[in-house]
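> Show me how the following folds:
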Amino acid sequence: MAERGTARFVTIEDVARDANCSTATVSRALNSPWKVNAATRKRVQASVARLGYRPNVRARLLARGTRSGSICFLLSNRQFMHAFHARILQGASDRAEAMRLQVLFACCNYSPVAPPAKIDLPHILSARGVIDGVIVAGTNYPNILHALDGLGLPYVIFGTNFIAGDETYVSASVHIDDEDGGYQAASHLLEQGHKKVRFIGDVSVPWYRRRYLGYARAMTEAGLPCDPPTGSAYRGEMEMGFSAAADLFDRGVEFTALFVAGDVGAVGAVRALKSRGLSVPEDISVVGFNDEEAARLCEPPLTTVATPTEVVGSECVNMLHSLLTGSEEKIEPVVLRTELVVRESTRKESRNGREAVSITRG
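Presented below is the predicted three-dimensional model:
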């Protein structure tokens, strides 16, 4: 039995055992108290209060062959509202509306090492019954899935931002093909004649690491050196892009193009280059990733890799609906393709083998 106060893991069997009666008696005491004698009813009520039991309304609905018709979009470890995840939410909401489902929004911040029972899940989840299932978005770790398992709630995760070891496999997940997107970004720069292309992105973060793998594959296929990645996301993506681009230039590293594995980071890189007296794309071409609003507002507008964020939300709803309706189709991860969007931050390399931009310092 769960520790006192962790109500979300207390079951009707726990109450029955504590009150020294059957689960059927507990159910009658809670739902039809007039059918239970006063002494037993008080004993059950005392156990419920002592253990912190909350009736599983969802289980009642399922027993009647019905559902609440509501699902929760749970945004974890991200600011409200993170633009990227807001677009996923929009896609989920549009699809849910078409299916006559209601989407309820909730936030959750937790440590990756917190025991599942200690994660402070939103009350809408721990109360159990208001919703039928959960779309787990944001940045997540295996412990929150264990917490949801403890609630008996079906869930689908946005797998791109799921951080876990290789041993963790989640079939009910929707992913963006980051590696292919990285390959498209690097290939575009190579097609433009660039041979000195550097990658900016913190590869300790899984999605940046997958984008680097795509970059590395394109460079290797072209017979060019695959330089190590640079950048730390510790202070945020904007600072990552600015600091990494400035550092490359200040150290005299030769490059004619940058692939920055995030649009906000690419904006930071463009600012760093301009602060060093360089022009984009005349001196340096820059490619971002995600096609966020920042890419369109950047000066010049960024060439970037567009991610199908709203489709992610729609596919999450489709998959969750299959879980809830007991579809006989096997649930498998869905991987969505990205698409290169060419704007004004890239141009053909015309230096024809001359020294790259680092020689212009000072």
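
> Does Leu74 lie in a helix or a strand, and which?
Using DSSP states H and E, the element containing Leu74 is strand 70-76.

> What's the mean pLDDT across the next helix or strand after that strand?
Next along the chain after strand 70-76, taking DSSP H and E as the criterion, comes helix 83-98. The pLDDT scores in helix 83-98 average 93.

> likewise stretch 283-292?
The average pLDDT within stretch 283-292 is 97.

> re the thing from before, give the partner strands of the strand holding Leu74 in its sheet and their orientations.
strand 102-108 (parallel), strand 133-138 (parallel) (DSSP bridges).

> hey, where'd the strands end up in this protein?
70-76, 102-108, 133-138, 155-158, 173-176, 197-200, 257-260, 285-287, 304-306, 334-336, 339-341 (DSSP state E).

> Output the ones you listed as TSV; include the columns mean neighbour count.
The way it works is simple: take the backbone N, C-alpha and C, and place the C-beta from them, glycine included. TSV is the format used below for those (neighbours: other CB atoms under 10 Å):
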stretch	mean neighbour count
strand 70-76	24
strand 102-108	16
strand 133-138	26
strand 155-158	26
strand 173-176	24
strand 197-200	27
strand 257-260	30
strand 285-287	27
strand 304-306	26
strand 334-336	16
strand 339-341	15
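
> Could you provide those in a markdown table, with additional columns for distance to Ala164?
Formatted as a markdown table, the strands of the chain follow (distance: least, CB to CB, whole Å):
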| stretch | distance to Ala164 |
| --- | --- |
| strand 70-76 | 13 |
| strand 102-108 | 17 |
| strand 133-138 | 12 |
| strand 155-158 | 10 |
| strand 173-176 | 11 |
| strand 197-200 | 24 |
| strand 257-260 | 25 |
| strand 285-287 | 29 |
| strand 304-306 | 24 |
| strand 334-336 | 17 |
| strand 339-341 | 27 |
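
> so what's the nearest residue to Gln45 once chain neighbours are set aside up against?
Spatially, and ignoring its direct neighbours in sequence, Gln45 is nearest to Ala29 (7.1 Å; CB to CB, 6 or more residues apart in numbering). Counting by CB atoms under 8 Å, 6 or more residues apart in numbering, Ala29 touches Val36, Thr40, Arg41, Val44, Gln45.
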